[in-house]
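1. what follows is a predicted structure for the sequence shown.
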Amino acid sequence: MERAIGRTAQSAEDVCSGLQLFLDNIPQRDAGIYESIHELLSLARGLGELRLDAVQYKRLPTPIEKDIRIFLESMNLTLGRVQNMFGETKLTKLNGEIAYSHIWNNFSMEMDETVGGGLWPRLELYNLFLKAMLENVRGETVEPKSLGRHRQKITRLLQSQQPSEPGYPSDTSSPISPHVSFPPMPPAWPGGPPAPSFPFPGSLDMRQYGPSSPTISTASWSTHTSGSMNSASNHWASFVFTGRHDSTPFPAALRRQSIVYGRPMPSALDRLAEDNYSQVSRIAFEADDMEARFYCRSADARARILLLKRDSAGALLFFCIPLTALKLTRDAATLDLYRMDRQQRKYEIWASLNFADYERLVLAYSTFAALKNQDAVMAPEGLHDDYFHTNAREEKLLFGGITVYPPSRRHALRLFRDTLSGGLRFEARPLRGPKMHVPLWTAFVAREVHETGWVRRVGGTQLELKRLDQHIFVDGYIPTLGRSGRFVIDFDSRDDCDSFIRAIKEARMD
């Protein structure tokens with residue numbers, strides 16, 4: 001069940017990317033497209049939460065599973081119909097240009113005549129039903145009549161979709177294929193790229209580092225991921241930025257503009273496609289009209305970062321580089337990415353990414369560090385990442401101990417308090433070996449530590465947590481759950497267990 005949910009979440013992200021291309025190419029900026037993108041993003045986040053709940057509870061009650069299956073079946077059919085529309089862009093051209101407005105208008109008229117109305121209202125209905133299902137799964141209070149109404153509407157919609165939606169069979173119990181056909185990519189700049197509006201310390205020849213790697217996104221460039229979406233749909237990084245955490249803001253004084261100093265690479269998307277990379281994660285910097293995407297290639301785990309930003313004239317610029325060619329350092333609320341000038345043996349800043357909240361900064365750093373460490377090519381000496389700035393230490397260590405992960409692996413578990421935002425989080429890393437500086441998972445717990453009964457001792461060296469939303473940075477990690485279905489921490493010693501409980505009590509008083 002959780003894999004089916006994850007694939008549907010990935011498909012929602014993919015369709016979102018395709019719709020962005022329509023939004024970019026329709027002069028009147030149709031509000032229905034914009035709102036549909038918004039609803040798809042919300043659905044992708046909600047499905048990410050539902051998948052994590054399905055993993056945590058292992059077996060859901062039959063009525064809830066039935067609701068989820070009906071929901072996935074109908075939503076997959078809808079996403080499939082939108083993908084069919086994307087395919088029409090390959091066939092319909094006027095004066096050598098793709099007739100986006102013509103295709104969208106025909107699609108909208110067709111959708112308006114179906115049960116549930118247009119695409120936007122239909123996606124809104126899915127979101128309402130998904131929200132009610134999440135509350136139901138978690139045992140929260142759900143208005144039975146409201147849930148019943150949504151179920152009835154979805155069921156009626158599903159009946160109308162079978163088999164009328166072209167290109168899709170009536171039996172869609174499995175999510176739609178992640179091999180998506182997106183609209184062709186128009187040229188980035190007719191007549192050549194514009195002059196950059198900011199200085200660059202130097203360029204980087206991408207060829208010397210080999211092929212690139214792709215990520216998930218809401219922008220207009222997923223054209224080239226269709227050949228390798230299978231691996232991306234279940235990649236751990238695709239479930240990191242689900243929004244399943246509180247937001248602890250940094251002080252406004254730490255706000256800076258996110259800037260890219262590297263040189264634009266107009267062919268970046270084509271190169272990623274040709275080299276069989278798949279997008280696995282994305283981070284939007286709305287205030288700076290910028291987006292960061294992580295790409296990975298399943299064959300050898302090569303990883304790249306792609307930055308997308310509009311210049312002062314509104315033209316879209318692409319910047320791409322292998323993760324192994326960068327050094328990442330935290331400086332207050334900013335992550336600075338450096339490349340090395342090998343001849344002069346000095347660092348040159350490639351980009352600065354500023355974050356409004358603590359949680360997204362931590363997740364971005366951890367995702368970068370983990371993908372880079374899992375890359376088949378080792379980073380050169382001098383490009384190892386440093387979470388802390390050389391002149392500051394932004395996180396205070398409240399606890400450090402050793403835990404046992406079945407069957408007998410030792411992990412270093414730490415509890416950090418961020419000194420700038422007040423955020424609180426757990427982090428686990430391998431205790432020894434070459435990966436000891438790379439996070440396995442993190443969990444934000446600023447709210448949970450204040451809940452009565454959140455931590456319970458169930459043995460001399462074992463604790464049980466009522467709830468723990470982990471963000472996992474490695475394939476194959478399975479949370480350790482007790483008989484009650486709650487998260488269990490097995491410490492290597494009674495002393496560590498005692499120290500952990502004391503640290504939690506002290507964190508409550510901060």
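-> Ah, there it is.

2. for the rest of this, base every contact and every neighbour count on C-alpha atoms.
-> Noted.

3. residue 88: neighbouring residues, count only.
-> 17 (other CA atoms under 10 Å).

4. check contacts around it.
-> Applying CA atoms under 8 Å, 6 or more residues apart in numbering, we find residue 88 in contact with residue 103.

5. now do it, the pLDDT please.
-> Here the pLDDT value assigned to residue 88 is 75.

6. any idea how far it lies from residue 339?
-> 42 Å (CA to CA, to the nearest Å).

7. all helices for the stretch 201-350 of the chain, in order.
-> Assigned by DSSP state H, counting those that start in this stretch, the helices in the stretch 201-350 of the chain fall at 229-233, 268-274.

8. wait, the chain
-> 2-25, 31-57, 62-88, 100-112, 119-137, 144-161, 229-233, 268-274, 358-374, 494-509 (DSSP state H).

9. quick one: list the elements packing against the fifth one.
-> Packed against helix 119-137 by the contact rule (3 or more CA pairs under 8 Å, 6 or more residues apart in numbering; DSSP states H and E) you find helix 31-57, helix 62-88, helix 100-112, helix 144-161.

10. can you spell out which helices and strands pack onto the first one?
-> If I follow you right, that is helix 31-57. Using 3+ CA pairs under 8 Å, 6+ apart: helix 31-57 touches helix 2-25, helix 119-137.

11. buried residues in that helix?
-> Neighbour counts over helix 31-57 (16 or more other CA atoms under 10 Å) mark 33-56 as buried.

12. domain-wise, how is the chain divided?
-> Following automatic domain parsing, the chain resolves into domains at 2-161, 206-374, 395-509.

13. any chance of those in JSON lines, with distance to residue 385 too?
-> Shown next, in JSON lines, are those (distance: least, CA to CA, whole Å):
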{"stretch": "domain 2-161", "distance to residue 385": "28"}
{"stretch": "domain 206-374", "distance to residue 385": "5"}
{"stretch": "domain 395-509", "distance to residue 385": "9"}
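
14. which of the helices of the chain comes out lowest on mean pLDDT?
-> Averaging pLDDT over each of the helices of the chain puts helix 229-233 lowest, since it has a mean of 45.

15. since we're on residue 59, how many residues are nearby?
-> When neighbours are counted by other CA under 10 Å, residue 59 comes out with 11.

16. one more: residue 275?
-> For residue 275, using other CA under 10 Å, the count is 18.

17. kindly report the same for the one 3 residues further on.
-> Look at residue 278: counted by other CA under 10 Å, it has 32 neighbours.

18. please identify the deepest-packed of the domains of the chain.
-> Of these, the one with the most neighbours on average (mean count of other CA atoms under 10 Å) is domain 206-374, at a mean of 20.

19. just confirm residue 262 contacts residue 351, I think it does.
-> Yes: counting by CA atoms under 8 Å, residue 351 is a contact partner of residue 262 at 7.0 Å.

20. coming back round to it: out of the helices and strands packed on helix 119-137, which comes closest to residue 309?
-> The minimum distance between residue 309 and those falls on helix 31-57, with 18.8 Å, by CA to CA.

21. start to end distance for stretch 482-502?
-> By CA to CA, the extent of stretch 482-502 from end to end equals 22 Å.

22. ignore the last one, stretch 413-427
-> When the end residues of stretch 413-427 are compared by CA to CA, they are separated by 6 Å.

23. what's the mean pLDDT across it?
-> 95.

24. quick one: contacts for residue 265?
-> 317-320.

25. can you pull the pLDDT of it?
-> 90.

26. how about residue 202?
-> So residue 202 comes in at 28 (pLDDT).

27. swap in residue 194?
-> pLDDT, read off for residue 194, is 31.

28. cool, the one 3 residues further on as well?
-> Note for residue 197: predicted pLDDT of 28.

29. how about residue 283?
-> 92.

30. distance check, the closest residue to it other than its chain neighbours against residue 156.
-> Nearest non-adjacent residue to residue 283, counting by CA to CA, 6 or more residues apart in numbering: residue 292, 5.1 Å away. Relative to residue 156, residue 292 is positioned 39 Å away (CA to CA).

31. same question, residue 349
-> 55 Å.

32. swap in residue 291?
-> 38 Å.

33. residue 470 now?
-> 37 Å.

34. distance check, residue 394 against residue 148.
-> In terms of CA to CA, residue 394 sits 49 Å off from residue 148.

35. same question but for residue 132, I mixed them up
-> 10 Å.

36. need the overlap of contacts for those two.
-> In contact with both residue 132 and residue 148: no residue, using CA under 8 Å, 6+ apart.

37. quick check: the residue nearest to residue 283 touching residue 282?
-> Yes: Residue 292 is within contact range of residue 282, at 5.7 Å (criterion: CA under 8 Å).

38. so how far is residue 359 from the nearest residue to residue 465 once chain neighbours are set aside?
-> The shortest distance from residue 465 to any non-neighbouring residue, by CA to CA, 6+ apart, is to residue 455 (4.8 Å). Distance from residue 455 to residue 359, counting by CA to CA: 22 Å.

39. and for residue 242?
-> 12 Å.

40. and residue 264, by the same measure?
-> With CA to CA as the criterion, residue 264 and residue 359 are 29 Å apart.

41. what about the strands in the stretch 401-510 of the chain?
-> Per DSSP state E, counting those that start in this stretch, the stretch 401-510 of the chain carries strands over the ranges 409-418, 424-430, 441-444, 455-457, 462-465, 471-472, 487-490.

42. next one: the stretch 151-300 of the chain
-> Ranges of strands within the stretch 151-300 of the chain are 259-260, 278-285, 290-296, based on DSSP E, counting those that start in this stretch.

43. could you dump those into CSV with distance to residue 425 added?
-> Formatted as CSV, the strands of the stretch 151-300 of the chain follow (distance: least, CA to CA, whole Å):
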stretch, distance to residue 425
strand 259-260, 28
strand 278-285, 20
strand 290-296, 23
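
44. residues contacting the spatially most central residue of the chain?
-> By CA atoms, centre = their mean, the mean C-alpha position of the chain lies nearest to residue 241, the distance being 3.6 Å. Residue 241 makes contact with 45, 281-283, 360, 363 under the criterion CA under 8 Å, 6+ apart.

45. residues touching the residue nearest to residue 488 when sequence neighbours are not counted, list them.
-> Spatial nearest neighbour of residue 488, chain neighbours left out: residue 464 (4.5 Å); criterion: CA to CA, 6+ apart. Applying CA under 8 Å, 6+ apart, we find residue 464 in contact with 455-458, 482, 486-489.

46. quick one on the thing from earlier: with residue 333 as the reference, name the closest of the strands of the stretch 401-510 of the chain.
-> Using CA to CA, the strands of the stretch 401-510 of the chain put strand 409-418 closest to residue 333, at 10.7 Å.

47. ok so, going back, out of the domains of the chain, which is closest to residue 383?
-> domain 206-374 (4.7 Å).

48. can you give me the offset of the closest one from its chain's centre?
-> Distance of domain 206-374 from the chain centroid (CA atoms, centre = their mean, to the nearest Å) equals 11 Å.
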